[in-house]
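Undergrad: No sequence on hand, only this structure:
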């Protein structure tokens, strides 16, 4: 075969057999018996084949065609399995998550049930490809064939696009996420965007935030230093949070502590890669600008500039750039909660206690949890927290009854409850600082509702399960007294809606850090201070 013939065959194969989610989104509401539906399918299919053929025609040669198509067949088979099972969109944010995933997280995603799909849609085409012999033409003839094939593809694609435009323009304009269902163009484009963005942000100098930050007037004459422990949860959703009215009591230990529960909290994103930088930024979701957020300093830099020692302790895959100016540490591997190179979140508390013991001044400690990171919910808690049975232990959540998926997820929530309550009890015993505690999850999770699992759906169309998250606060009596906080007022404020946008400004307000970067209207602490 000529290279062009292989490129065309691969394009047809991808469009017809590897785009079930896309075809469902475009044609799902149409009557398959109508001629107009057939015309649309043929026109749109021709357009997509032409687009892929043009992309392949730009890079495939007789030396690269087999290795590149082999890679594409295997990657596309893997991508379509995840897309069809978990109904995800391979947009630049999702690919950035993929690039940031460590080996431990990747291993948790491996499911044997994916093997038949990958064999049929990946290995079988690769075997057929290996059997093909590439025809070699003299260079002038090869160039003429390539130019003619690309010209024909562009003409056919443009003509077909004009036929399909009227029926497709509206849905795609109103639901831009549909374009991230076209495989493999979706992950090729998104991977390029994500890699370019990561490289540019790494090379850029971060813009300063809160250069005027200083301790407020209330610090004058204060006898004790302050300690704030800010816990960033992972994949905890409000719908399964006992303190917020869930039918199960998944938070019994926090319920026994004197904590303030925020019942209506909206995240900044539906995945860690978006939410974490956003929630530590003064920009937030209301003025969301990813490039600006990632190229600017964070809340941690402002607190450090005001004189706080800032420590980030990470049991996840990193701080996503939030602690770039601060650095991060890992849980103590000698903790009883660590084994085989992995740690339960309880190890964070052991490291927290050592950190606090070594620092006598003002201190801000961020604990980044593994939390409910899926799909391996059952790996997020010790056996003693295997309370709700049966619990799903399969990496392919669709193979478990939904009740078992929810049970495993709730067990992980119950373990988070234990870790947080243990943190509060430690701070209650600790008398050297005026202590405060704040927990908030980065995003939620889908557990099979409407066929959706995990997270990462584009924010505009994400279900509330992925955007509504728990948040809990506790203040020591000394903190309430010396910082003039009206805890009754704060408890009442907790019944009102808040978002991740409030975090940057409210933490600075809680710590009494004065800076022009703090927006008082987004500080839910400021309205609850005693005169």
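TA: Happy to help now that I have it. Note that the structure is predicted; figures quoted are calculated from it, not measured.
Undergrad: which ones are touching the spatially most central residue of the chain?
TA: In the chain, the residue lying closest to the centroid (Cα atoms, centre = their mean) is residue 271, at 1.7 Å. Under the criterion of Cβ atoms under 8 Å, 6 or more residues apart in numbering, the neighbours of residue 271 are 93, 94, 97, 443, 455, 456. Any C-beta I mention is one placed from the backbone N, CA and C, and that applies to glycine too.
Undergrad: Kindly reformat those as CSV containing distance to residue 366.
TA: As requested, the contacts of residue 271 are exported to CSV (distance: Cβ to Cβ, whole Å):
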residue, distance to residue 366
93, 22
94, 25
97, 20
443, 17
455, 21
456, 23
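Undergrad: quick one: which of those is nearest to residue 374?
TA: residue 455 (7.9 Å; Cβ to Cβ).
Undergrad: can you pull out the strands in the protein?
TA: Along the chain, counting by DSSP state E, strands occupy 214-215, 226-233, 260-266, 309-314, 338-339, 342-343, 363-368, 434-441, 446-447, 453-454, 468-475, 498-499, 513-514.
Undergrad: and for the helix or strand of the chain with the lowest mean pLDDT, what are the contacting residues?
TA: The weakest-scoring helix or strand in the chain, judged by mean pLDDT, DSSP states H and E, is helix 103-109 (a mean of 77). For helix 103-109, the external contacting residues (Cβ under 8 Å, 6+ apart) are 317, 341, 342, 373, 374, 375, 376, 379, 395.
Undergrad: What is the burial count for the second one?
TA: Meaning residue 341. Using other Cβ atoms under 10 Å, the number of residues around residue 341 comes to 8.
Undergrad: And for the last one?
TA: Residue crowding around residue 395 was assessed by other Cβ under 10 Å; the count is 20.
Undergrad: Return the residues in contact with it.
TA: Taking Cβ under 8 Å, 6+ apart as the contact definition, residue 395 lies against 108, 109, 110, 111, 375, 376.
Undergrad: Now do the helices in the stretch 351-500 of the chain.
TA: Assigned by DSSP state H, counting those that start in this stretch, the stretch 351-500 of the chain shows helices spanning 402-429, 464-467, 477-482, 487-493.
Undergrad: Of the contacts of helix 103-109 - the most surrounded one?
TA: Among those, the one with the most neighbours (other Cβ under 10 Å) is residue 374, at 27 neighbours.
Undergrad: now the least confident helix or strand of the chain, how far from the chain's geometric center?
TA: Remark: helix 103-109 is offset 15 Å from the chain centroid, using Cα atoms, centre = their mean, to the nearest Å.
Undergrad: Same question for stretch 48-55.
TA: Centre-to-centre, stretch 48-55 and its host chain are 30 Å apart (Cα atoms, centre = their mean).
Undergrad: pretty sure residue 482 contacts residue 225?
TA: No. Counting by Cβ atoms under 8 Å, residue 482 sits too far from residue 225 to count as a contact (10.6 Å).
Undergrad: follow-up on the earlier one: would you check which pair of the contacts of residue 271 lies furthest apart?
TA: Spatial extent of the contacts of residue 271 (Cβ to Cβ) is set by the pair 94 and 443 at 12.9 Å.
Undergrad: More neighbours: those two, which one.
TA: Just comparing residue 94 and residue 443: by other Cβ under 10 Å the higher neighbour count belongs to residue 443, 30 against 25.
Undergrad: my guess is the more buried one meets residue 465, correct?
TA: No. Applying Cβ under 8 Å, one finds residue 443 not in contact with residue 465, separated by 9.9 Å.
Undergrad: Distance to residue 182 and pLDDT added to the contacts of helix 103-109, as CSV?
TA: Formatted as CSV, these follow (distance: Cβ to Cβ, whole Å; pLDDT from 0 to 100):
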residue, distance to residue 182, pLDDT
317, 28, 87
341, 39, 83
342, 37, 90
373, 29, 94
374, 26, 90
375, 25, 93
376, 30, 93
379, 34, 94
395, 26, 87
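Undergrad: For residue 141, give its distance to residue 7.
TA: As judged by Cβ to Cβ, to the nearest Å, residue 141 and residue 7 stand 17 Å apart.
Undergrad: which of those two has more neighbours?
TA: Remark: of residue 141 and residue 7, residue 7 carries more neighbours, 27 against 10, as counted by other Cβ under 10 Å.
Undergrad: Identify each buried residue in stretch 113-131, please.
TA: Using 16 or more other Cβ atoms under 10 Å as the test for burial, stretch 113-131 gives 114, 117, 118, 121, 122, 125, 126, 129.
Undergrad: Flag the least confident of the contacts of residue 271.
TA: Among the contacts of residue 271, residue 97 carries the weakest pLDDT, at 82.
Undergrad: Now for that one: which residues touch it?
TA: Residues near residue 97 by Cβ under 8 Å, 6+ apart: 271, 272, 273, 456.
Undergrad: Ramachandran coordinates for the last one?
TA: Here the main-chain torsion angles of residue 456 (degrees, to the nearest 10) amount to phi 100, psi 0.
Undergrad: Surely it and residue 235 touch.
TA: No. Contact between residue 456 and residue 235 fails when scored by Cβ under 8 Å: they sit 10.5 Å apart.
Undergrad: Now do the contacts for residue 438.
TA: 228, 229, 230, 231, 471, 472, 473, 507, 510.
Undergrad: Out of those residues, which is nearest to residue 101?
TA: Checking these against residue 101 with Cβ to Cβ, the nearest one is residue 231 at 22.0 Å.
Undergrad: before we move on, the earlier item: please convert the contacts of residue 438 to TSV, extending it with neighbour count.
TA: Converted to TSV, the contacts of residue 438 look like this (neighbours: other Cβ atoms under 10 Å):
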residue	neighbour count
228	24
229	28
230	23
231	25
471	25
472	27
473	21
507	23
510	23
